[in-house]
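Chemist: Structure, please.
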Amino acid sequence: MIEQLDCTIRDGGYINNWRFNNEFIDAYTKVIENDCSYVEIGFVNKTNKYKNKLVGNSRVLNEVTLQKYKNYKFKKVVMADYKDINIEILNSDNKKYIDLVRIAFHKNDMLDALAVCSNIKNIGYKVSVNAMAITNYNESELQYLLDYVNNKQLDALYIADSYGSLKQTETMELYKLFNNKLNKNVKIGFHLHNNMNNAYGNYEYLKNLTRFDDRKIIFDTTMFGMGRGAGNLQTELVILDRNPDITINNLIKYTTFIERFIRPFYKNQNEWGYDLDYLISGHLKMHPNYIVKMRDLKISMLKRFLFIEKIIDHKINYKYFDIENINTIIETYKEELL
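Modeler: All right, here's what the predicted structure looks like:
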């Protein structure tokens with residue numbers, strides 16, 4: 001069984017610093033309410049980490065913000081960076097407002113992050129383990145992850161294609177491994193990026209691959225693919241696929257919302273979606289922030305190609321992002337790049 005999780009106001013917030021106003025939220029929730037099982041409403045992070053940054057409510061959720069969503073039909077999801085989780089919000093009376101807590105982490109942080117997942121489960125929440133950059137894990141590390149989720153009776157385990165590099169054969173192998181090893185009540189989630197334009201193709205492939213399996217599968221989506229770098233699997237495409245008899249009025253409800261509320265972010269702030277530099281980063285399994293930061297610096301496309309070559313020449317571990325790597329390359333090749 002396929003379920004859909006829309007994470008526009010969480011993942012899409014990387015585009016606009018999570019500045020979604022009340023008019024946006026009201027329109028968004030009305031559009032999405034009856035079509036998605038889950039909606040991710042933001043982060044439960046410590047507010048002091050962002051006290052010097054102008055960010056919107058979905059970046060630093062509080063009790064007041066959580067309560068705004070209490071009457072909607074969809075299940076409410078929150079995410080936390082495990083090192084920055086606001087445990088006080090989860091320890092309070094907010095269980096009635098939160099249906100799922102997702103903990104995201106990189107492989108190097110797996111042991112500490114999994115301990116946080118267990119603690120949140122013990123508080124009484126349903127917990128999703130979001131292992132970012134899943135292609136960085138070797139066989140034994142994946143097995144440890146699967147065993148831990150089973151033993152601690154966690155609720156979902158995600159295959160996060162952080163580099164947008166997964167091809168259908170790799171996707172199939174990961175799904176079959178997870179499906180064979182995980183307890184049947186554990187949901188398998190997919191967070192697909194579009195660096196190599198594979199997000200929807202992988203969704204279609206997985207939908208057909210899993211249709212006879214007794215397992216709930218969650219696909220993350222965002223409106224118009226809104227998200228950092230090459231963006232995400234598009235909400236409206238999956239809605240159309242899951243509802244082939246959708247009325248034209250319902251379809252236009254989505255397209256009108258996107259044209260009015262999403263496309264201005266695309267035009268005026270930071271374009272996302274498939275492009276040549278994201279294609280290269282996906283192929284290399286390079287952290288997308290290297291491309292994002294180069295774009296922020298207004299480095300041209302051709303010079304971004306050169307930048308990538310220099311990163312490789314310097315044998316930088318580009319699977320993990322470090323701003324100092326960018327500074328080093330720019331300082332060394334300033335005349336060529338700027």
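
Chemist: Now Lys76. Its backbone dihedrals?
Modeler: Main-chain torsions, Lys76, degrees, to the nearest 10: phi -90, psi 130.

Chemist: let me fix that: Met110
Modeler: Note on Met110: backbone dihedrals following degrees, to the nearest 10 are phi -60, psi -50.

Chemist: again with Ala104
Modeler: Backbone phi and psi, for Ala104 under degrees, to the nearest 10, turn out to be phi -110, psi 140.

Chemist: residue contacts, it?
Modeler: Counting by C-beta atoms under 8 Å, 6 or more residues apart in numbering, Ala104 makes contact with Met79, Ala80, Asp81, Tyr82, Asn130, Met132, Ala160. Just so you know, the C-beta spots here come from the backbone N, C-alpha and C atoms, and that holds for glycine as well.

Chemist: Return the residues in contact with the fourth one.
Modeler: Contacts were defined as C-beta under 8 Å, 6+ apart; by that measure Tyr82 touches Ile103, Ala104, Phe105, Asp109, Asp112, Ala113, Val116, Cys117.

Chemist: same thing but 10 Å
Modeler: 103-106, 109-110, 112-117, 120, 130 (C-beta atoms under 10 Å, 6 or more residues apart in numbering).

Chemist: Likewise for the second one?
Modeler: Remark: with contacts taken as C-beta under 10 Å, 6+ apart, Ala80 is in contact with 43-46, 61, 86-87, 89-90, 101-105, 113, 116-117, 120, 130.

Chemist: for the third one, same thing?
Modeler: When contacts are counted by C-beta under 10 Å, 6+ apart, Asp81 is found next to Phe43, Val44, Asn45, Lys46, Lys49, Ile103, Ala104, Phe105, Asp109, Ala113.

Chemist: which stretches of the stretch 201-338 of the chain have low pLDDT?
Modeler: Applying pLDDT under 70 to the stretch 201-338 of the chain picks out residues 269.

Chemist: For it, which segments count as helices?
Modeler: For the stretch 201-338 of the chain, applying DSSP state H, counting those that start in this stretch gives helices covering 235-242, 248-257, 263-268, 276-284, 289-296, 301-313, 323-332, 334-337.

Chemist: which residues touch the last one?
Modeler: Helix 334-337 has contacts (C-beta under 10 Å, 6+ apart) with Met294, Leu297, Ile299, Ser300, Lys303, Arg304, Leu306, Phe307, Lys310, Ile329, Ile330, Glu331.

Chemist: For these, which two are the farthest from each other?
Modeler: Farthest pair in those (C-beta to C-beta) is Ser300 and Glu331. Separation: 18.5 Å.

Chemist: filter the contacts of helix 334-337 to the buried ones?
Modeler: Among those, the ones that count as buried by 16 or more other C-beta atoms under 10 Å are Met294, Ile299, Lys303, Arg304, Phe307, Lys310, Ile329, Ile330.

Chemist: Near the closest residue to the third one other than its chain neighbours, how many residues? Count them for me, please.
Modeler: Which is Lys303. For Lys303, ignoring the flanking residues on the chain, the nearest one in space by C-beta to C-beta, 6 or more residues apart in numbering is Leu337 at 5.3 Å. Burial measure for Leu337: 18 neighbouring residues, criterion other C-beta atoms under 10 Å.

Chemist: distance between stretch 264-271 and the chain's centre?
Modeler: Chain-centre distance of stretch 264-271: 19 Å, with C-alpha atoms, centre = their mean, to the nearest Å.

Chemist: Which positions within it qualify as buried?
Modeler: Across stretch 264-271, burial judged by 16+ other C-beta under 10 Å covers Phe265, Tyr266, Asn270.

Chemist: Quick check: the first one touching Ile9?
Modeler: Same thing as Phe265. No: Phe265 lies out of contact with Ile9 (C-beta atoms under 10 Å); the separation is 11.8 Å.

Chemist: Need the overlap of contacts for these two.
Modeler: Shared contacts of Phe265 and Ile9, defined by C-beta under 10 Å, 6+ apart, comprise Phe20, Phe24, Met223, Met226.

Chemist: picking that back up, out of the helices of the stretch 201-338 of the chain, nearest to Asn180?
Modeler: Across the helices of the stretch 201-338 of the chain, Asn180 has its closest neighbour in helix 235-242 (25.5 Å, C-beta to C-beta).
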